[in-house]
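Asker: build the 3D model from these lines:
(one chain, ligands or ions: 1)
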Amino acid sequence: MRDAREVVAGAVVRQGHLLLARRTWPVALAGRWELPGGGVDEGETPVAALARELEEELGLTVRVDEQLGADVGLPGGRVLRARWAELVEGEPQLREHSAVRWVDAHGLVSADLVPADRAWTAELAARLA
Ligand code: 523
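Answerer: Numbering: from 1, shown residues only. This is a model prediction of the structure:
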């Protein structure tokens, strides 16, 4: 059972633009944009989990920094947390997502984000402004 565990998402900023990735599943979230990430495995720290997920899903090497914004409750009782992540190396590759894009503050605000990620819009937009 993974459902009690934390989900981590990464805010990767490059040249004033934030990386968004378009989900392919589940159906309710498919086509909507997220801060990429995933579930923390048993015995794994959230920091290590985020680095692993960004490598597995997008081929990116990152250095994970501090948490941003509030914790977000997900359906099913999981908790979602976001962290800043500094891009060390790599161009995003589409391994699990259908698209990626780098957005400025305006692009972020107008993006069709997955509902949970909306919690961080104000803080992210302030960083991008
Ligand atoms: N979210 C979400 N926003 C967001 C992420 C990375 C994840 O709302 N930025 C939600 C979507 C799923 C759940 O968190 O309901 C798990 O994310 P997922 O599917 O990307 O993580 P995986 O692939 O590691 O899947 P699990 O096995 O469920 O952990």
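
Asker: CA atoms for contacts and neighbours, from now on please.
Answerer: Will do.

Asker: quick one: buried residues of stretch 22-37?
Answerer: Within stretch 22-37, the residues that count as buried by 16 or more other Cα atoms under 10 Å are R22, R23, T24, G31, R32, W33, E34, L35, P36, G37.

Asker: what's the top helix by length along the chain packed up against?
Answerer: The longest helix of the chain (DSSP state H) is helix 46-58. Other elements packing on helix 46-58 under the criterion 3 or more Cα pairs under 8 Å, 6 or more residues apart in numbering; DSSP states H and E are strand 7-14, strand 37-39, strand 61-73.

Asker: now tabulate those in a markdown table and tack on distance to V100.
Answerer: What follows is the helices and strands packed on helix 46-58, written out as a markdown table (distance: least, Cα to Cα, whole Å):
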| stretch | distance to V100 |
| --- | --- |
| strand 7-14 | 12 |
| strand 37-39 | 13 |
| strand 61-73 | 16 |
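
Asker: in TSV, list those along with mean pLDDT and distance to V109.
Answerer: Below are the helices and strands packed on helix 46-58 laid out as TSV (pLDDT from 0 to 100; distance: least, Cα to Cα, whole Å):
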stretch	mean pLDDT	distance to V109
strand 7-14	98	15
strand 37-39	98	20
strand 61-73	97	16
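
Asker: so which of those comes closest to L128?
Answerer: strand 7-14 (8.3 Å; Cα to Cα).

Asker: if we can go back for a sec, keeping just the C-alphas, turn the longest helix of the chain into PDB.
Answerer: Output of helix 46-58 as PDB, limited to C-alpha atoms (Å, rounded to 0.1, in the frame of the first residue of the first chain):
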ATOM      1  CA  PRO A  46      11.400  13.100   0.200                       C
ATOM      2  CA  VAL A  47      14.600  14.800  -1.100                       C
ATOM      3  CA  ALA A  48      15.900  11.600  -2.500                       C
ATOM      4  CA  ALA A  49      12.500  10.700  -3.900                       C
ATOM      5  CA  LEU A  50      12.200  14.000  -5.800                       C
ATOM      6  CA  ALA A  51      15.700  13.600  -7.300                       C
ATOM      7  CA  ARG A  52      14.800  10.000  -8.300                       C
ATOM      8  CA  GLU A  53      11.500  10.900  -9.800                       C
ATOM      9  CA  LEU A  54      12.800  13.800 -11.900                       C
ATOM     10  CA  GLU A  55      15.600  11.600 -13.200                       C
ATOM     11  CA  GLU A  56      13.300   8.600 -14.000                       C
ATOM     12  CA  GLU A  57      10.400  10.700 -15.500                       C
ATOM     13  CA  LEU A  58      12.400  13.400 -17.300                       C
END
